[in-house]
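1. Next input, structure requested:
(one chain, ligands or ions: 1)
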Amino acid sequence: MTQTEQKERAAIYAVHALLAEGLLFPGMKIGLGTGSTAAPAIREIARLAQSGALAGIKAAATSFQTEILCEELGIPVYSLNSRQLGSSLDAAIDGADEIDPQNRLIKGGGAALLREKIVAYSAKRFVVVADETKAVASLGAAFPLPVEVVAEARVSVAARLRETGASCVLREGVRKCGPVITDSGNMILDCRWQCPVDPAEYEALINAIAGVVENGFFTRRQPLVFIGKADGSVEVRGSA
Ligand code: 5RP
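-> Residues are numbered from 1 along each chain as shown. Next comes the predicted model:
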């Protein structure tokens, strides 16, 4: 299977496994992730909503990309602040950039980490779908950690991060001159350390720097993970 096929396989397998387990159900409040693996899961959820199996679901979207996809598919989207969602979700499903053996994650390859983390940490169950390239021995060895910063603190945050041994690159736009501006109006520093850092320690430590909005380590939830493999199988890690 190609990488794209693995993503789609993991996404659709996960949706049906969750439905069979009663973790997806009509009328539920669901967080919907961002990216090319979350998208086929969202399409399948929309199809099941239309068929009645997931009638009446209410969604929180993690990005403008996902909001637009939901508009196209007819999935009603609400703010987490709304009375309809009441700031809590029954489940959230999303992709990831890296997954370590303890199911800790790096996210934010699509610069949506802030709303992705708010949604993931507001959900009773957090589900991750990915292709096999995302499973790594150690977080951050290959994929840089995205750190979302307010524009005014771009230089000072990079200086503080350098004191921890990081090198930081301001993420540049594609077909847009200058830096990427996130859905919340901030910038992204992509950070690498020469030796792996402790993800749980650094998730908290980085967020303590003035001007950091959020970082892409996701260690405070134990997600249920579905990994699509090249041989067509899906590995399931963790429990709901
Ligand atoms: C966006 C994310 C995505 O979930 C992550 O980048 C994975 O994307 P894809 O499924 O397209 O590989 O964190 O901010």
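2. so how far is the longest helix along the chain off the chain centroid?
-> Ranked by residue count, the top helix of the chain under DSSP state H comes out as helix 3-20. Taking the mean of its C-alpha atoms, helix 3-20 sits 16 Å from the chain's own mean (C-alpha atoms, centre = their mean, to the nearest Å).
3. do the helix or strand that that helix is followed by and the ligand meet?
-> Next along the chain after helix 3-20, taking DSSP states H and E as the criterion, comes strand 29-32. No: residues of strand 29-32 are not located near the ligand by C-beta under 6 Å from any ligand atom, the shortest gap being 11.0 Å. Placement of C-beta: from N, CA and C, glycine included.
4. just stretch 201-217 next, same as before
-> No: Stretch 201-217 lies apart from the ligand when judged by C-beta under 6 Å from any ligand atom; the minimum separation is 7.1 Å.
5. Tell me how this protein divides into domains.
-> 3-136+220-237, 145-216 (automatic domain parsing).
6. any chance of the ones you listed in TSV, with mean neighbour count and mean pLDDT too?
-> As requested, the domains of the chain are arranged in TSV below (neighbours: other C-beta atoms under 10 Å; pLDDT from 0 to 100):
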stretch	mean neighbour count	mean pLDDT
domain 3-136+220-237	20	98
domain 145-216	17	98
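7. so what does the longest helix of the chain touch, helix or strand wise?
-> helix 38-51, strand 89-94, strand 123-131, strand 224-228, strand 234-237 (3 or more C-beta pairs under 8 Å, 6 or more residues apart in numbering; DSSP states H and E).
8. need the residues of this protein near the ligand, please.
-> Within the chain, the positions adjacent to the ligand are 33-38, 94-97, 107-113, 116 by C-beta under 6 Å from any ligand atom.
9. Among these, which lie within strands?
-> Under the assignment DSSP state E, the residues of the chain next to the ligand contribute residue 94 to strands.
10. circling back: using CSV, list the CA coordinates for the longest helix of the chain.
-> Output of helix 3-20 as CSV, limited to C-alpha atoms (Å, rounded to 0.1, in the frame of the first residue of the first chain):
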residue,chain,number,x,y,z
GLN,A,3,1.4,6.0,2.2
THR,A,4,-1.8,7.7,1.1
GLU,A,5,-3.6,4.3,1.0
GLN,A,6,-2.2,3.5,4.5
LYS,A,7,-3.7,6.8,5.8
GLU,A,8,-7.1,6.1,4.3
ARG,A,9,-7.1,2.5,5.5
ALA,A,10,-6.2,3.5,9.1
ALA,A,11,-8.8,6.3,9.1
ILE,A,12,-11.7,4.2,7.8
TYR,A,13,-10.7,1.2,9.9
ALA,A,14,-10.6,3.4,13.0
VAL,A,15,-14.0,4.9,12.4
HIS,A,16,-15.7,1.5,12.0
ALA,A,17,-13.8,0.0,15.0
LEU,A,18,-15.0,3.0,17.2
LEU,A,19,-18.5,2.6,15.9
ALA,A,20,-18.6,-1.1,16.6
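11. Run the angle between that helix and strand 224-228 for me.
-> On the basis of axes from the mean of the first three to the mean of the last three C-alpha atoms, to 10 degrees, helix 3-20 is oriented at 140 degrees to strand 224-228.
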